[in-house]
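Q: Structure of the sequence below:
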Amino acid sequence: MTAKTPGAPAPAVAPAGALPADATPAQRVQWLRAEIERHSHQYYVLDAPTIPDAEYDAMFSELQALETEHPDLLTDDSPTQRVGGAPLSAFDTVRHRVPMLSLNNGFEDEDVINFDRRCAQGLGRAPAAAAPADDLFGAADAADNAVEYSCELKFDGLAMSLRYEDGKLVQAATRGDGETGEDVTANVRTIKAIPLKLRGKAPAVLEVRGEVFMYRAEFDKLNARQADADEKTFVNPRNAAAGSLRQLDPRITAKRPLSFFAYGLGELQGADRPPTHSVMLDGFAAMGLPVCDERRVVRGAQGLLSFYRDIGQRRDQLPYDIDGVVYKVNAISEQEQLGFVSRAPRFALAHKFPAQEMTTTVEDIEVQVGRTGAITPVARLAPVFVGGVTVTNATLHNEDEIRRKGVHIGDTVIVRRAGDVIPEVVAVVLERRPADARAFVMPTACPVCGSHVEKLEGEAVARCTGGLICAAQRKQALLHFAQRRAMDIEGLGDKVVEQLVDQGIVRTPADLYKLGVAKLAALDRMADKSAANLVQAIDASRETTLNRFIFALGIRHVGEATAKDLAKHFGKLDNLLAADEAALLEVNDVGPVVAQSIANFLAEAHNVEVIEQLRAAGVHWPESEPAARAPLPLAGKTIVLTGTLPTMSREDAKEKLEAAGAKVAGSVSKKTDYVVAGAEAGSKLERAQALGVPVLDEDGMLKLLADSAAVQTGDAQ
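A: Alright, predicted model coming up:
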């Protein structure tokens, strides 16, 4: 039960309240049932879950254990005696002719071994031994009498039943409560992966069970489109798939990149049931139904655990989300022999992976300064075991992301960790927010060096402007300063810079010019000859050019080309140091963002002090008179970009416009001169039309740039 973004519908059932520490088993059972029912409603009915799967599974397992230990507490209306929740009233209901039951869960190797033992005993066989830990592909031989299983993936999507009559799709229904689901036929017919007509000769009635899901790459594209249109983004692919499938307007569903995998059989008329589950899946594929290739037939617990380990190692490389694997006795006759318990088949087990999402509390929010000056908020968490490790910190990415997710210090949050990915806060559990929770405030000064923190227009990341003196950026600044295209100090590589900084020998680029052979020779793997060569290279770098020096300073957005334009335009370094944003905007290819970045860098007294130290150390270059200045063709114009352009990225378009002097804004107002709109443009286009702002496509934008440049040079026809 994956979390949803803040602002989800309120739970239909009120929280069960606090449970006394000395609660009796009966009180505990009553509390668990109320909580499970409430979260089931959030998940299955409102499609707005507020806790992760692992927390729900833990409550469900505890309730099952209590009811087993105290049979007198078991009632017919317990959540353990049924599946899922009630269907949405907005859809017609469908009664499943064959119930859609859920599966029992396993979490440890022992659970799988016990499952195999129960199946073997139920079929009158001796269970096979478990697999060795390093037997990833079931290479060890299983006993000849071991139970044969079909192994599949457990997809993190929405369970679906497709009814075909004489090969034609006539109905699609969600699981619902297992007995009755929601009729979503109109929406399912828009999913291109699902055939409307089966291939070859089809049974009179065929009910196919499977999962509607969304590939991760398609999910990322969908969220990018949603964000660009200023619409709600989705927390994860499962949430996006479920929300897309349950739209009342099928036209919306048709725009969503949904997919489907078949994995089960419901009602069947006019044909014999296949002999095995694996043969059934092959038959589905032959009929044109999509079936996942990640499946295998194995024997015994050994084969089951080998499949689990193999998929677990490759889980993060799969193109879709899964939360475990599923084992089913392969022979249909043996499935029938084993039968069912009240809510699940005895012949199947869902083996869950370690939870990738868990709840914990945000104890504080601090910021870290990266090697490029990026200021990243980090949540300090109450320790929580998630994704196989104990997590105490999680990235919050940037200030905008904190605001979007509504994270406060003191909140209970969903934390996700997938594989080696840095843990992140997925969403807030708003119903658990304490009264003393407080909002995060981004610092205005760098916590490392005290320099001003800047956040340029159109950028999500805030940055420290103390590039030449900030300890967090020291190694990166030195490596950039020394690179071939900058000061060209041969021999000053990663290993040397790391030692110079870690030992406190060098703090700024100016300190490089104080180094002697003895100091360098004392470093690891640095002999006298290599030390002498490095000192010689540092000394030779004192003679350079103004554009190389400007580039070496590492000012954000100032590359080699811009450094050359600045050097040519101002001629002398002092002219550049004295320039304000207006003067910087007169430089060829310098737009508002670049001008602001340069101005912020030079506004830091620390940076200017290091520049003067470098000049005092003998770093010099030829200087010239400033170049003749000409206004940029789109100076003073404000332009907004929206939608997807056909041949260039939004960033490329922005660079072209800013290079021509235009200000590229993030929102449309009466002061906007043009809106450049691409495919799937959203609310910005609508607002432009309402305000009467001229709207251009990509060709129109390029023509505007060309015409403006022609007018400036006098080449207009």
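Q: Identify the residue spatially nearest to G458, adjacent ones excluded.
A: Excluding the flanking residues, the one nearest G458 by C-beta to C-beta, 6 or more residues apart in numbering is G666, at 5.8 Å. Using the backbone N, CA and C atoms, a C-beta is placed for each residue, glycine as well.
Q: my guess is that neighbour contacts E459, does it?
A: No. Using C-beta atoms under 8 Å, G666 is not in contact with E459, being 10.1 Å away.
Q: For those two, indicate the residue with more neighbours.
A: More neighbours surround E459 than the other of G666 and E459, with 15 against 10 (other C-beta atoms under 10 Å).
Q: what's near enough to touch that one?
A: Residues near E459 by C-beta atoms under 8 Å, 6 or more residues apart in numbering: V593.
Q: Likewise for V693?
A: So V693 contacts V668, T672, D673, Y674, V675 (C-beta under 8 Å, 6+ apart).
Q: The residues you listed in strands, which ones?
A: Among these, the residues falling in strands (DSSP state E) are Y674, V675.
Q: would TSV of the contacts of V693 with pLDDT and neighbour count be doable?
A: Shown next, in TSV, are the contacts of V693 (pLDDT from 0 to 100; neighbours: other C-beta atoms under 10 Å):
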residue	pLDDT	neighbour count
V668	90	21
T672	93	20
D673	94	16
Y674	94	21
V675	94	24
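Q: tell me the average confidence for stretch 470-489?
A: In this model, stretch 470-489 carries a mean pLDDT of 93.
Q: Can you report how many residues lie near P275?
A: 12.
Q: from what I can see it touches Q335, true?
A: No. Contact criterion C-beta under 8 Å: P275 and Q335 do not qualify, at 11.0 Å.
Q: hmm, back to that, and the contacts of V693, which is closest to L657?
A: Y674 (9.2 Å; C-beta to C-beta).
Q: partner residues bridging the closest one?
A: I639 (DSSP bridges).
Q: measure it to A186 for me?
A: 40 Å (C-beta to C-beta, to the nearest Å).
Q: One more: A521?
A: 78 Å.
Q: Switch the contacts of V693 over to CSV; also include distance to E431.
A: Output for these, formatted as CSV (distance: C-beta to C-beta, whole Å):
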residue, distance to E431
V668, 36
T672, 41
D673, 46
Y674, 45
V675, 40
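Q: Helices of the stretch 151-300 of the chain, residue ranges please.
A: 185-188, 216-228, 237-245, 250-254, 277-286, 300-314 (DSSP state H, counting those that start in this stretch).
Q: most tightly surrounded among these?
A: helix 237-245 (a mean of 24; mean count of other C-beta atoms under 10 Å).
Q: Show residues contacting that one.
A: Residues from elsewhere that reach helix 237-245 (C-beta under 8 Å, 6+ apart): 2, 4, 47, 49, 156-158, 160, 174, 184, 187-188, 212-216, 219, 222-223, 234, 252-253, 256, 258, 320-321.
Q: Residue ranges in this protein under the pLDDT threshold?
A: 1-17, 41, 44-47, 82-89, 127-144, 418-421, 628-631, 709-717 (pLDDT under 70).
Q: roughly how far out does the helix or strand hosting V415 sit from the chain middle?
A: Here V415, judged by DSSP states H and E, is contained in strand 412-416. Its chain's average C-alpha position is 14 Å from that of strand 412-416, according to C-alpha atoms, centre = their mean, to the nearest Å.
Q: Restrict the contacts of helix 237-245 to the buried ones and give me that as a ChimeraX selection.
A: In ChimeraX syntax, the buried subset of the contacts of helix 237-245 is picked out as below (16 or more other C-beta atoms under 10 Å):
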select :2,4,47,49,156,157,158,160,174,184,187,188,212,213,214,215,219,222,223,234,253,256,258,320,321
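Q: mind listing what A679 touches?
A: G643, T644, L645, P646.
Q: The last one belongs to a strand?
A: No. The assignment for P646 is coil, going by DSSP: H, G, I helix; E, B strand; the rest coil, so no strand is present there.
Q: wait, it sits on M701?
A: No. Using C-beta under 8 Å, P646 is not in contact with M701, being 11.3 Å away.
Q: How much space separates A271 from A204?
A: Following C-beta to C-beta, the distance that separates A271 from A204 is 8 Å.
Q: ditto for L634
A: 68 Å.
Q: just the helices in the stretch 501-650 of the chain please.
A: Using DSSP H, counting those that start in this stretch, helices in the stretch 501-650 of the chain cover 517-521, 528-540, 546-552, 560-570, 573-577, 581-584, 592-603, 605-616, 650-659.
Q: Select, out of these, the one closest to W31.
A: For W31, the closest of the helices of the stretch 501-650 of the chain is helix 650-659, at 50.9 Å, according to C-beta to C-beta.
Q: Go through that closest one and flag the buried ones.
A: Buried-residue list, helix 650-659, by 16+ other C-beta under 10 Å: R650, A653, K654, E655, K656, L657, E658, A659.
Q: wait, doesn't the fifth one sit right on A706?
A: No. Taking C-beta under 8 Å as the definition, K656 is not a contact partner of A706, at 10.7 Å.
Q: The helix or strand hosting W31 - contacts with which helices or strands?
A: For W31, the host element (DSSP H and E) is helix 25-40. Judged by 3 or more C-beta pairs under 8 Å, 6 or more residues apart in numbering; DSSP states H and E, helix 25-40 is in contact with helix 53-69.
Q: Could you pull out the buried residues of the helix it packs on?
A: For helix 53-69, by 16+ other C-beta under 10 Å, it's D53, A54, E55, Y56, D57, M59, F60, L63, Q64, L66, E67.
Q: so after that helix, what's the next helix or strand?
A: On the C-terminal side of helix 53-69, the closest following helix or strand by DSSP H and E is strand 93-95.
Q: Output the contacting helices and strands for that next one.
A: Partner elements for strand 93-95 (3+ C-beta pairs under 8 Å, 6+ apart): strand 180-182.
Q: Mind listing residues that contact the strand it packs on?
A: Residues from elsewhere that reach strand 180-182 (C-beta under 8 Å, 6+ apart): 86-88, 91-96, 100, 161, 173-176, 246.
Q: What pairs with it, parallel or antiparallel?
A: Within its sheet, strand 180-182 is paired with strand 93-95 (antiparallel), according to DSSP bridges.
Q: In the partner strand, which residues are buried?
A: By 16+ other C-beta under 10 Å, the buried positions in strand 93-95 come out as V94.
Q: moving C-terminal of that strand, what's the next helix or strand?
A: Following strand 93-95 in sequence order, the next helix or strand is strand 105-106 (DSSP H and E).
Q: Pick out whichever of P646 and M701 has more residues nearby.
A: For P646 versus M701, the count of surrounding residues by other C-beta under 10 Å is larger for M701: 23 against 9.
Q: quick one: the more buried one is in a helix?
A: Yes. Counting by three-state DSSP, M701 is part of a helix.
Q: what's the closest non-adjacent residue to it?
A: Excluding its sequence neighbours, the residue lying closest to M701 (C-beta to C-beta, 6+ apart) is V676, at 4.7 Å.
Q: Repeat that for K514.
A: That would be A617: by C-beta to C-beta, 6+ apart, it lies 7.6 Å from K514.
Q: Quick check: the one you found touching A510?
A: Yes. Contact between A617 and A510 holds when scored by C-beta under 8 Å: they sit 5.8 Å apart.
Q: Those two: which is more packed in?
A: For the pair A617 and A510, the greater number of neighbours falls to A510 (21 against 16), based on other C-beta under 10 Å.
Q: Neighbours of the residue nearest to G122 when sequence neighbours are not counted, how many?
A: In this structure, G122 finds its nearest non-sequential neighbour in L338, 4.9 Å apart by C-beta to C-beta, 6+ apart. Using other C-beta under 10 Å, L338 is surrounded by 16 other residues.
Q: these two touch, right, L338 and A331?
A: No. L338 is beyond contact range of A331, at 10.0 Å (criterion: C-beta under 8 Å).
Q: just to revisit the earlier point, list just the nearest of the buried residues of helix 650-659 to D580.
A: Among the buried residues of helix 650-659, and counting by C-beta to C-beta, the member closest to D580 is E658, at 17.5 Å.
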